[in-house]
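> Got a sequence here, can you model it:
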Amino acid sequence: MARTSFNLPSVLFVSIFTLALMGCEGDDGDDGAAGAAGISCWDLNENGVGDLVLPDFPFTEDLNDDGVVDVLDCREPLPPPPGTGGTVSGTVSSTTGTLDSTTLLFFVPEAPAAAGKAGPVFAAAGHIPEGAIEADVADDGTYSVELENGTYDVGAARPGYEDFMQEGYEVGGDATLDIALVEVPDGEYISSADCGVCHTATYASFIQTGHPFKLNKVIDGQPPEYPFTSLEGVLERITDDDLDIEGGLPDPGPGTDNSLSTPTTWNDVSYVIGGYYWKARFIDLDGAIVTGTEVQYNFATNELVSYHNNEVDKPFNCGNCHTTGWRHTTTEEGDDRNPDRQDDLAFMDGTFAEQGIQCESCHGAGAAHAKGTGGIVRNADDNPRTTADFLEADMAYGMAVACGECHTRDGEKDYSSYVSKYESALADANAPDPRADEMGGRIAASKGLVRHHEQYDEILGIDPDTLASTRSAGFNGAHGNCLTCHNPHGSSVNVNNPEYTGVPGVDPTKEGCLGCHPTYDPADRSGGMRGLDCQSCHMPLMAKSATALPAEADRPAIGDVNSHVFTIGLDSTTSQFTDDGAFAYPSLNTDYACRTCHNSSEQAVVFPIDDATADNYIFHNNIN
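Next up is the predicted model:
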């Protein structure tokens, strides 16, 4: 039997209490006008009775579950019933028209307040949040999706357009929801993840390579994540000896040499430089690179080593080759092209669109390509950037970066003149420029090894004494195009890693060379060493990124990066490096072609050989 919200004892109590308050009784007033019939706010089925049990949702008028139907049960609006809903449909468009099936559209059920909903949710490009309901968008931009009644966060994304987010969208039956996305302007970057929406397989491989991890932001006090390495426990080991350098810089001490001193937690680090394979360096919350005696982590040895010891607040000026869309902060008087610094960090010497070397670094800003209003650069080596490009108002922002612009030291162009050291040397010597474009320079060296990321300089083959090229047109045509041997969407250093699932960045066997040099197979020669690969002699470890073995006995110093000089000139009377050690010659001498293996050191691979034997040796003796 239905139970109402009033009963006799309650009415009597209220009446007696009221009379007690009234005191003496006065004259009766005039009767008021009759009111219109109404519906109690708790009377959901409008039958004039307080129903503790209803046949349908919400199954009772006692919404606060106190056993009584009264004004405390009045709620506006009523929560939607579970298990019911409708069809939400509409069109996804932009200012230029409807969009297509590349658009990602999803509805995320809003979590109850008690669940601690933190705010709007959104998806990485090509992926929807957990628990989201995806709506398939047709090629004409229309969509239709069945949803239960409730509250949703609506998200939409498409490469070339800004992400759309609407919170608190109520579904209570069939409805129309048209969504308009804002275009990313032509000439702007869209992110590698957006590229991966269409180029799925290529992106899946590329994201396992080292390029995207050249610079990595620390988020929420957590170390960056890498495909095959980890920085767990590294930060706690960073330290400095707090000693002056004899005859050099005094130590600013205590702690590491940046003003903010030693980072002790990841909350003290803004970015990590590298971390994918060879090494990792750290940037503090002012944007200064952490310097000192034990500040650079080398993966090969699990050691922390010195980097710019006693140099205080070393700025991050590495954006040309560690970020995408880098523009140097303009500090020259009257130059206001880019007065900003990334994240407003005092020692960040520029700004960038994306951390690391992403798809659009090599292919150019992708907004126009994603929208179908423009093309994309397939091979930036065909048209590398010039000094004139950097001096423009946009500072070459959005342009594709060629391989040789980064894989050089002597040829690097930087603010404010954007004239490289090699170009300055040519001007000082009044010498002609032997290059086909403005990329590359001499092969810079230090401490008996080539410095890292100079592969293009090694291929270019500039003689440091004459400033002229030693390469033939045929050599430059074959080796000067990096894509002849390399797939930039794949890893070279991890190509043999069983955890790596991407495409090979290079063929690590001799077959990669024999495709162009079929008669030079070591297996075809007579005598020993038929099992060697071409790289054994033509690509010795002559460059250093992180670690090296010092020269010992008749063995030269050995680095951790393969040389790209390729050319061998067996002459024990020639040096591999200039007298001051600042540059390497563009031909491998006897030390590096032979004595990295044939030496008398403790690490020797095979027996040592004398100069006369080495200088007169003919390896490819099967060729007349």
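> contacts, neighbours, all on C-alpha from now
Noted.
> now Thr574: how far from Gly581?
14 Å (CA to CA, to the nearest Å).
> residues near Asp220, how many?
The tally of other residues near Asp220 (other CA atoms under 10 Å) stands at 8.
> Please disregard the earlier target; I meant Ser469.
By other CA under 10 Å, 18 other residues sit near Ser469.
> Any stretches of this structure with poor pLDDT?
1-26, 28-29, 32-39, 75-83, 111-127 (pLDDT under 70).
> tell me the domain ranges of it?
85-113+122-180, 215-315, 442-624 (automatic domain parsing).
> how about JSON lines for the ones you listed, with distance to Ala370 added?
Formatted as JSON lines, those follow (distance: least, CA to CA, whole Å):
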{"stretch": "domain 85-113+122-180", "distance to Ala370": "5"}
{"stretch": "domain 215-315", "distance to Ala370": "25"}
{"stretch": "domain 442-624", "distance to Ala370": "19"}
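> between those, which gets nearest to Thr200?
Nearest to Thr200, of all those, is domain 85-113+122-180, at 9.0 Å by CA to CA.
> Now do that closest one: distance to the chain's middle.
Distance, stretch centre to chain centre, for domain 85-113+122-180: 27 Å (CA atoms, centre = their mean, to the nearest Å).
> and the closest residue to Asn621 other than its chain neighbours, how far is that from Ile623?
Residue nearest to Asn621 in three dimensions, not counting chain neighbours: Arg525, with 5.6 Å by CA to CA, 6 or more residues apart in numbering. For Arg525, the distance to Ile623 equals 8 Å [CA to CA].
> what do you get for Asp186?
Separation of Asp186 from Ile623 (CA to CA) stands at 55 Å.
> Looking at the two, which has the bigger crowd around it?
Shown here are Asp186 and Ile623; by other CA under 10 Å, Asp186 has more neighbours (17 against 10).
> Next up, the contacts around Phe228.
Tyr276, Tyr277, Glu499 (CA atoms under 8 Å, 6 or more residues apart in numbering).
> so who does Thr293 touch?
With CA under 8 Å, 6+ apart, Thr293 has these contacts: Thr239, Asp240, Asp241, Thr256, Val305, Ser306, Tyr307, Asn309.
> Do me a favour and get the end-to-end distance for stretch 147-167?
16 Å.
> buried sites along it?
In terms of neighbour count (16 or more other CA atoms under 10 Å), stretch 147-167 has its buried residues at 147-161, 163-165, 167.
> Stretch 334-354 too?
Going by neighbour count (16+ other CA under 10 Å), the buried part of stretch 334-354 is 337-338, 340-342, 345-354.
> Show me these that map onto strands.
Cross-referencing the buried residues of stretch 334-354 against strands under DSSP state E gives Gly350, Thr351, Glu354.
> To what extent is Ala551 buried, counted in neighbours?
13.
> Leaving out chain neighbours, which residue sits closest to it?
Ala557 (3.9 Å).
> Could you pull up the contacting residues of that neighbour?
Counted by CA under 8 Å, 6+ apart, Ala557 has contacts Gly448, Leu449, Met542, Ala548, Leu549, Pro550, Ala551.
> which residues are contacting stretch 196-212?
The contact list for stretch 196-212, computed with CA under 8 Å, 6+ apart, reads 102, 125-126, 159, 192-193, 195, 227, 276-277, 355-358, 488-491, 494, 500-503.
> Just the buried ones among the residues you listed, please.
Buried among the contacts of stretch 196-212 (16+ other CA under 10 Å): 102, 125-126, 159, 192-193, 195, 276-277, 355-358, 488-491, 494, 500, 502-503.
> just the strands in the stretch 51-200 of the chain please.
For the stretch 51-200 of the chain, the strands defined by DSSP state E, counting those that start in this stretch cover 85-94, 97-98, 104-109, 133-135, 142-148, 150-157, 164-171, 175-176, 179-180.
> just so I know, which of those lies nearest Gly404?
Nearest to Gly404, of all the strands of the stretch 51-200 of the chain, is strand 150-157, at 34.6 Å by CA to CA.
> quick check: angle from the closest one to strand 85-94?
Relative orientation of strand 150-157 with respect to strand 85-94: 20 degrees, computed using axes from the mean of the first three to the mean of the last three CA atoms, to 10 degrees.
> Please name every helix or strand in contact with strand 150-157.
Contacts defined by 3 or more CA pairs under 8 Å, 6 or more residues apart in numbering; DSSP states H and E place strand 150-157 against strand 104-109, strand 164-171.
> Can you convert these into JSON lines and add a column each for distance to Tyr585?
Output for these, formatted as JSON lines (distance: least, CA to CA, whole Å):
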{"stretch": "strand 104-109", "distance to Tyr585": "54"}
{"stretch": "strand 164-171", "distance to Tyr585": "56"}
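> and of the contacts of Phe228, the nearest to Asn216?
Asn216 lies nearest to Tyr276 out of the contacts of Phe228, by CA to CA, at 10.1 Å.
> hang on, isn't the closest one packed against Pro227?
Yes: in terms of CA atoms under 8 Å, Tyr276 counts as a neighbour of Pro227; the distance is 7.5 Å.
> just to revisit the earlier point, from the buried residues of stretch 334-354, pick the one nearest Pro223.
Among the buried residues of stretch 334-354, Glu354 lies closest to Pro223 (CA to CA), at 17.9 Å.
> where do the helices sit along the stretch 201-350 of the chain?
Assigned by DSSP state H, counting those that start in this stretch, the helices in the stretch 201-350 of the chain fall at 319-322.
> re earlier: do you know which of the domains of the chain lies nearest Thr60?
domain 85-113+122-180 (19.3 Å).
> Tell me the span between the first and last residue of the closest one.
Chord length of domain 85-113+122-180, first to last residue, is 24 Å (CA to CA).
> Please apply the same query to stretch 197-211.
One end of stretch 197-211 sits 19 Å from the other (CA to CA).
> try stretch 253-269
With CA to CA as the measure, stretch 253-269 spans 19 Å from end to end.
> number of nearby residues for the spatially closest residue to Asp139 that is not a sequence neighbour?
Nearest residue to Asp139 in three dimensions, chain neighbours excluded: Asp100, at 4.2 Å (CA to CA, 6+ apart). Under the neighbour criterion other CA under 10 Å, Asp100 is assigned a count of 17.
> swap in the one 3 residues further on?
The local packing of Thr103 (other CA under 10 Å) involves 24 other residues.
> i'd like the first residue to be 32 from this point on
From this message on, residue numbering opens at 32, which makes the last subject Thr134.
> just to revisit the earlier point, mind picking the one among the contacts of Phe259 that's closest to Gly600?
Among the contacts of Phe259, and counting by CA to CA, the member closest to Gly600 is Tyr308, at 31.7 Å.
> Tell me where the stretch 282-431 of the chain has strands.
Under DSSP E, counting those that start in this stretch, the stretch 282-431 of the chain gives strands at 300-305, 310-315, 319-320, 323-329, 334-338, 345-346, 354-355, 358-359, 381-382, 385-386.
> And the contacts of the first one?
So the one you mean is strand 300-305. 244-249, 255, 294, 311-316, 318, 353.
> Out of those residues, which end up buried?
244-249, 255, 294, 311-316, 318, 353.
> These: which two are farthest apart?
Longest span within the buried ones among the contacts of strand 300-305, CA to CA: Pro294 and His353, 21.9 Å.
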